[in-house]
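[1] Just a sequence and a predicted model for now, questions to come.
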Amino acid sequence: MSDKLYYAYDPMCSWCYAFRPTFNTLIEKLPKQLEVISLLGGLAVDSDKPMPEETQAFVKANWQRIEEQVPGTKFNYDFWKHCQPRRSTYPACRAVIAAREQGEEYDLEMIYAIQQAYYLQARNPSDITTLCELAVEIGLDKDKFANDIQSLEVDEMLRQEIKQSRRLGLNSFPGFLLETANQSVRIDPDYLTIDVMLEKINRYF
């Protein structure tokens, strides 16, 4: 059995967005024999209902807390003025899979495009129209993407990834689980430095 590091995330998770720079640095420093497997966790199911005011207030407060705790992380609060927020991240999750269907390299590109759109450009990734726009912007075939993101096959792929992340106990995002031949170890994300995470991982190699 190969050694694996599972990473559970959601493209519309604000803490995952804040973690991205540190995550990228960590990936570069990991032992070469360690396989990294990213899993979509699925924060919020499909919904056409407007986000309740109290939920909006909670999310805004969370953005402010992240800006205070993770230097360099910025949010564009115009999102709350120009968009109709919904508590629905499954469309964005399917967008990542639909992008992946056109090439593995588009997986990360779609994640980054969603985060840029949501957090910096005040665009709503809960909307299929926004996601299709992003697909074109990163160079995907628009028609194939539009078909795939709404297909039963992509929906099933998402549900299988969510199921696997839950089975591994990765219920909050970002989340790490190191799986070696002998044991499974949770790795707590550190938003400021890779040092503690890397030291813990390297103990097993």
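    Thanks, I have the structure now. Numbering: from 1, shown residues only.
[2] make it CA atoms for all contacts and neighbour counts henceforth
    OK.
[3] Compute the distance between the closest residue to Asp3 other than its chain neighbours and Leu5, please.
    In space, and not counting its chain neighbours, Asp3 is closest to Thr180: 4.7 Å by C-alpha to C-alpha, 6 or more residues apart in numbering. Applying C-alpha to C-alpha, to the nearest Å, the value for Thr180 to Leu5 is 9 Å.
[4] Comparing these two, which residue is more hemmed in?
    Leu5 (21 against 16; other C-alpha atoms under 10 Å).
[5] Direction included, what does the helix or strand harbouring the more buried one pair up with?
    With elements taken from DSSP states H and E, the one containing Leu5 is strand 4-9. Here strand 4-9 is paired, per DSSP bridges, with strand 35-40 (parallel), strand 175-179 (antiparallel).
[6] Which helix or strand lies directly C-terminal to the first one?
    Reading on from strand 35-40 to the C-terminus, the next helix or strand found by DSSP H and E is helix 53-69.
[7] Now the element after that next one, going C-ward?
    In the C-terminal direction from helix 53-69 (assignment by DSSP H and E), the next one is helix 79-82.
[8] List the contacts of that following helix.
    For helix 79-82, contacts defined as C-alpha atoms under 8 Å, 6 or more residues apart in numbering pick out 118-119, 121-124.
[9] From those, keep the buried residues only.
    118-119, 122-124 (16 or more other C-alpha atoms under 10 Å).
[10] quick one on the thing from earlier: how about the contacts made by the residue nearest to Asp3?
    1-4, 204.
[11] any chance of these in TSV, with neighbour count, distance to Leu39 and pLDDT too?
    Formatted as TSV, the contacts of Thr180 follow (neighbours: other C-alpha atoms under 10 Å; distance: C-alpha to C-alpha, whole Å; pLDDT from 0 to 100):
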residue	neighbour count	distance to Leu39	pLDDT
Met1	7	19	60
Ser2	9	17	85
Asp3	17	16	94
Lys4	17	12	97
Tyr204	13	22	88
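[12] Any idea what Tyr6 is bridged to?
    Ile37, Leu177.
[13] list the buried ones in stretch 24-31?
    Leu30.
[14] For it, what is the distance to the chain centroid?
    Offset of stretch 24-31 from its chain centre (C-alpha atoms, centre = their mean, to the nearest Å): 17 Å.
[15] CA atoms only for that stretch - export them in PDB, please.
    Extracted in PDB, the C-alpha atoms of stretch 24-31 (Å, rounded to 0.1, in the frame of the first residue of the first chain):
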ATOM      1  CA  ASN A  24       1.100  25.100  -2.200                       C
ATOM      2  CA  THR A  25       4.400  25.500  -0.300                       C
ATOM      3  CA  LEU A  26       3.700  22.300   1.700                       C
ATOM      4  CA  ILE A  27       3.100  20.200  -1.500                       C
ATOM      5  CA  GLU A  28       6.500  21.300  -2.900                       C
ATOM      6  CA  LYS A  29       8.300  20.100   0.300                       C
ATOM      7  CA  LEU A  30       6.600  16.700   0.800                       C
ATOM      8  CA  PRO A  31       8.500  13.400   0.500                       C
END
